[in-house]
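K.L.:
coordinates for the following, if possible.
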Amino acid sequence: MPLDTPFGADNGAPATAPVDASRRTFLKIGAAAGGGLMLSLAACATPTDTDGAATLATAPAAPPAPLEEINAFVAISPTGKIRIMAKNPEIGQGVKTMLPMLIAEELDADWSAVDIEQAMADAALYGTAASGGMQFAGGSRATPSTWLPLRRLGAATRQVLLQAAAQTWGVPVGELTTGPSVVIHAASNRRATYGELATAAAALPAPDDEMMKTVALKDEASFRIIGKSVKQWDTPRIVRGEPMFGIDMVVPGMKYAVFEQCGVWGGKVVSANLDEVKAVPGVVDAFIVRQVGDDLAPLIDGTNLGLLDGVAIVADDWWTAKTAREKVLKVVWDEGASRTDSSAGFDAKAAELAKGAPQSVLNEKGDVAAAMKAAAKTVEASYSYPFLPHATLEPQNCTARINADGTAEFWSTTQLPEPGRGLVAKVLGVEQSAIKIHMIRAGGGFGRRLANDYMAQAAAIAKHSGHPVKLLWTREDDMRHDHYRPGGYHNFKAALDKAGAMTAMTNHFVTFKRGTRPANSAQLSPAEFPAGFIPAHSYGMSMIEFGVPTGPLRAPESNGVCFAYQSFLDEVAHAAGKDPLAFRLELLSAQTEGPAAGGFSAQRMYDVVKLVGERSGWANRTSLPKGTGMGVAFYYSHLGYFAHVAKVKVEPSGQWRVQKVWVVGDIGKHVINPTGAANQAEGSVIDGVGEMLQTITIENGRTKQANFFDMPLIRINQAPDVDVHFHITDNAPTGLGEPALPPAPPAVTNAIFAATGKRIRQLPVVTSSLRWT
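P.N.:
Numbering: from 1, shown residues only. As a prediction, this is how the structure comes out:
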């Protein structure tokens, strides 16, 4: 397949679901094809290690030197090895590497001597304010919440090593300095490695809150680790195919489980042919699991979807459990009120609501009616986007063990372990203190693993069966029992004066609700740009009641709202006869009120928009050949300022390809790990472009899509070239998991318009609609 396959081209993909080849099968096949480059991991794997986690067999090695714990985060061996705990879940965003870099920098550690270990979920040790707050992965919060706390922790640990050296040598602490993993007393020409001081340092009191608040931090100009590219800690293990994900976990005596859920969310089991399922050879047990709690609303509106009705099958191996479910199990469901939900019904209701006045006003300023009446030109357009899944490559899973003493242990890929602890404690009827959670690396999260429904299911199944169990969802489970990015409908109108200046704008936003509130991730910010930058605006909202579970998807709310707003602003710019990039700069220069909530800086955004225009050669776009166009978009999300320019080629057949995307971002004065940062920005763009082809369709309350054959991910041969530049400013560093995604879709759709004159107002993109001659 060529590396420049456009969207809409026949790339040879099968019309039915492809065979699911495992990672290990791939490695074995690759070894055979490549002349024995890699050994079969299946032959090397051992069942468990002492913690019950799957490992690879290796040659016997000398036991490591014992570690002296200086504090909960840092331990040092006499040989000089430094173990640093990574406090937050690793879901591919790179925090397992980045957070220890902050500690190591202020510790003045030799990075080559550092080992990184994933911390347990333990709020008392790793979830305190002094360590940067709650252990979680989401909202691009890791950097802003830990930037100072973890640096202070590293500095305080360094201070303890200085105290140990001062006591050992009988000199004042003030006479000592450090180099990479060494304490130096220049006056006597003495040096001691951190390893040599480890035992003495461990005997001293651990840094307390007062030391953490007052300890001196490095001059940032002297950073040796922060700002340097560091490879992701787990990359070598991933490349070798070592078992390290939740799906790989094995514990002694473990059985395998699948869980059949109602296709309509919240449906209840009426009956099931359990005896027939139990008769299948290899099946250990089959039973009905009942919902915990009677009120579904808290399970929907919160991030924990909770435990709903279903049928569990436990077997000696997963394939047996899966096969028994598919070929034998029959369940009668009470599907409940949500059985009538449908995408077609939602679209029809949204169109009906759009014709009337909004049910509520989110934000209003100025005399919109007068501005519309006096306008030299008005522009009206409606934009919409669909429900989307998280589509993590690793389906949801959890391994659970209930111990004889009433305690329970979980190996989970959760993004939000403490709420998960509370949820499984409720399911098991035990105190939260009885729950131990190992945070295992996840094969993608994107917000899906903020919900802990799979943990609740594993808890219930392990409790009932009496065995440790690994619950593993199928791809179809994952696609059809997600908490989706909600769809949305935006109905815009703008007013332009004779000079082409925008004088007013309205948006009647139609979204989804639970009771009286917008559903999870279905809100619209009242301060959405260009509010505060034009003389008059009015944002209103109407809501549709529904039963589909929703939740945050990478850059929640922003990932759809940005497409709608930045596409419409582009449409307004063209109606005004203005350069779309220059039109945005004019708007950013016309702030009519103070910074919006969240501290949005018009100047910071102005600078990245201007810079992306320069880097992309925007001024030369008129020389592009027919069928090729460039588009621009910007967005402020999760404290990050990003502007993109996309270059897209559209064939006369309508097949299209994003050739390149230029990205300029302002995430503050330090890019902690430049390689990781670039990966996040590039991945966000590719993710955003991929979402333009995706949809989740609801019919009779059920999700129609099942797997990647009917809900496709972007292929590597469709990924654009991405040019990433970080504009350094004197502001605190911010996170990167999300803010580079929102501008990608509108930059691309605006480029498609420039190439074809066809405006995309509804996602996903339909290739046949882009044909031109």
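
K.L.:
ok, which stretches of the stretch 51-200 of the chain are helices?
P.N.:
95-107, 123-126, 142-169, 194-202 (DSSP state H, counting those that start in this stretch).

K.L.:
now render these as a markdown table, adding distance to Ala755, mean neighbour count and mean pLDDT.
P.N.:
In short, each C-beta sits where N, CA and C put it, glycine included. Listed next are the helices of the stretch 51-200 of the chain as a markdown table, based on distance: least, C-beta to C-beta, whole Å; neighbours: other C-beta atoms under 10 Å; pLDDT from 0 to 100:
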| stretch | distance to Ala755 | mean neighbour count | mean pLDDT |
| --- | --- | --- | --- |
| helix 95-107 | 38 | 26 | 98 |
| helix 123-126 | 50 | 15 | 96 |
| helix 142-169 | 37 | 22 | 97 |
| helix 194-202 | 59 | 22 | 97 |
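
K.L.:
relative to Arg715, which of these is closest?
P.N.:
Checking those against Arg715 by C-beta to C-beta gives helix 95-107 as the closest, at 27.5 Å.

K.L.:
tilt between the closest one and helix 194-202?
P.N.:
Per axes from the mean of the first three to the mean of the last three C-alpha atoms, to 10 degrees, the angle that helix 95-107 makes with helix 194-202 is 80 degrees.

K.L.:
now for the spatially most central residue of the chain: which residues touch it?
P.N.:
Nearest to the geometric centre of the chain sits Phe446, at 2.7 Å (C-alpha atoms, centre = their mean). Applying C-beta atoms under 8 Å, 6 or more residues apart in numbering to Phe446 gives the contacts 91, 390-392, 553-554, 687.

K.L.:
who's in contact with Pro556?
P.N.:
447, 485, 521 are the contacts of Pro556 under C-beta under 8 Å, 6+ apart.

K.L.:
how many neighbouring residues does the nearest residue to Thr340 once chain neighbours are set aside have?
P.N.:
Leaving aside its chain neighbours, Thr340 sits nearest to Gly701 (6.5 Å; criterion: C-beta to C-beta, 6 or more residues apart in numbering). By other C-beta atoms under 10 Å, the residues close to Gly701 number 22.

K.L.:
from Gly266, how far off is Gly701?
P.N.:
According to C-beta to C-beta, to the nearest Å, Gly701 and Gly266 sit 9 Å apart.

K.L.:
what touches both of the two?
P.N.:
338, 547.

K.L.:
okay, the residue nearest to Thr340: pLDDT?
P.N.:
The score at Gly701 is 97. That number is its pLDDT.

K.L.:
just say helix, strand or coil for the residue nearest to the centre of the chain.
P.N.:
Counting by DSSP: H, G, I helix; E, B strand; the rest coil, the backbone at Phe446 sits in coil.

K.L.:
measure it to Phe492 for me?
P.N.:
On the measure of C-beta to C-beta, Phe446 and Phe492 end up 28 Å apart.

K.L.:
next: Pro486.
P.N.:
Applying C-beta to C-beta to Pro486 and Phe492 gives a distance of 19 Å.

K.L.:
of all the contacts of Phe446, which comes closest to Leu472?
P.N.:
Thr392 (13.0 Å).

K.L.:
skipping adjacent residues, who's closest to the closest one in space?
P.N.:
Gly444 (3.6 Å).

K.L.:
residue contacts, that neighbour?
P.N.:
By C-beta under 8 Å, 6+ apart, the neighbours of Gly444 are 91-92, 390-394.

K.L.:
cutoff 7 Å now
P.N.:
Contacts for Gly444 (C-beta atoms under 7 Å, 6 or more residues apart in numbering) come out as 91-92, 392-394.

K.L.:
likewise for Asn403?
P.N.:
With C-beta under 7 Å, 6+ apart, Asn403 has these contacts: Glu409.

K.L.:
on the pLDDT front, check it for me.
P.N.:
94.

K.L.:
now do the residue nearest to Thr392, the pLDDT please.
P.N.:
Per-residue pLDDT puts Gly444 at 96.

K.L.:
ok, Gly310 next?
P.N.:
98.

K.L.:
next, count neighbours for Ala186.
P.N.:
Per other C-beta under 10 Å, the neighbour tally for Ala186 reads 10.

K.L.:
what's across from the closest residue in space to it that isn't next to it in sequence in the sheet?
P.N.:
Closest residue in space to Ala186, ignoring its immediate chain neighbours: Thr177 at 6.9 Å, by C-beta to C-beta, 6+ apart. Beta-bridge pairing for Thr177 (DSSP bridges): Ile184.
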